[in-house]
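Peer 1: What follows is a protein structure lacking sequence information:
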Ligand SMILES: Cc1cc2nc3c(=O)[nH]c(=O)nc-3n(C[C@H](O)[C@H](O)[C@H](O)COP(=O)(O)O)c2cc1C
C-alpha cells in the first residue's frame, strides 16, 4: 500500500482542517496516511513515505515555523535520498498566499517532484476547498507508485 505523509503547521485550525482533507482524500484513494504536525514529524517519516503533502498557513508571506522546523531538521538526514519523491503543497492564508512559493522553493531544495498544482485557500476551507484538497490527496496517492 502506498504511504502518504501529510505534514503541516497550523496556528488556529484552518490548515489543520486542510491537512485533514488532504489526508482523507489520500486515504479514500487507497493510501495509508500519516498525518503529523511539523514539530512532531521526523526525517524518517519523509524517508519512509512514497509521497508527501506539505501544508502551512501563510506567515508573513512565508512558510510557517512548524513546517519550516521539520524541513530544517529533515534536510541533511534525507539529502540525496528523496530525489523525485512526489510532493504537493497547500496553504491557507488571510488574503496573500505567497507562502506557497516558499514551500515550493524549499521542496526544490530537497529535489522533490511536484505532482499537482499547489492549493491555496483563503481562511477556513469551505466545502468547495475541501473537495479540492481531497483531490490533492488523491493525486498524491496515485503519484506515490507501487
Ligand atoms: C504570524 C502570522 C502571520 C501572518 N501573515 C500572513 C500573510 O503575510 N499573508 C496572509 O495572507 N495571511 C497571513 N496570516 C494569516 C494566516 O495565514 C491565515 O489566517 C491562515 O488561514 C491561518 O491558518 P491556521 O488557522 O492554520 O493557523 C498570518 C497569520 C499569522 C498568525
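Peer 2: Noted; the coordinates are in hand. On a predicted model such as this, the values are computed, not experimentally measured, just so you know.

Peer 1: who's in contact with the residue sitting nearest the centre point of the chain?
Peer 2: Centroid-nearest residue in the chain, with CA atoms, centre = their mean: residue 54, separated by 1.8 Å. Residues in contact with residue 54 (CB atoms under 8 Å, 6 or more residues apart in numbering) are 7, 8, 67, 71, 87, 88, 89, 90, 103, 106, 107. In short, each C-beta sits where N, CA and C put it, glycine included.

Peer 1: In ChimeraX, select just the buried ones from those residues.
Peer 2: Here is the ChimeraX command that selects the buried residues among the contacts of residue 54 (16 or more other CB atoms under 10 Å):
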select :7,8,67,71,87,88,89,90,103,106,107
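
Peer 1: and the residue nearest to the centre of the chain, what element?
Peer 2: strand 51-59 (DSSP states H and E).

Peer 1: What strands line up against that strand, and which way round?
Peer 2: Paired strands of strand 51-59, with direction, are strand 3-8 (parallel), strand 62-63 (antiparallel), strand 86-93 (parallel) (DSSP bridges).

Peer 1: tell me how far that strand is from the chain's mean position?
Peer 2: Centroid separation between strand 51-59 and its chain, computed with CA atoms, centre = their mean, to the nearest Å, is 4 Å.

Peer 1: That strand near the ligand anywhere?
Peer 2: Yes - for a cut-off given as CB under 6 Å from any ligand atom, strand 51-59 has contacts with the ligand, namely 57, 58, 59.

Peer 1: what mean pLDDT does that strand have?
Peer 2: In this model, strand 51-59 carries a mean pLDDT of 98.
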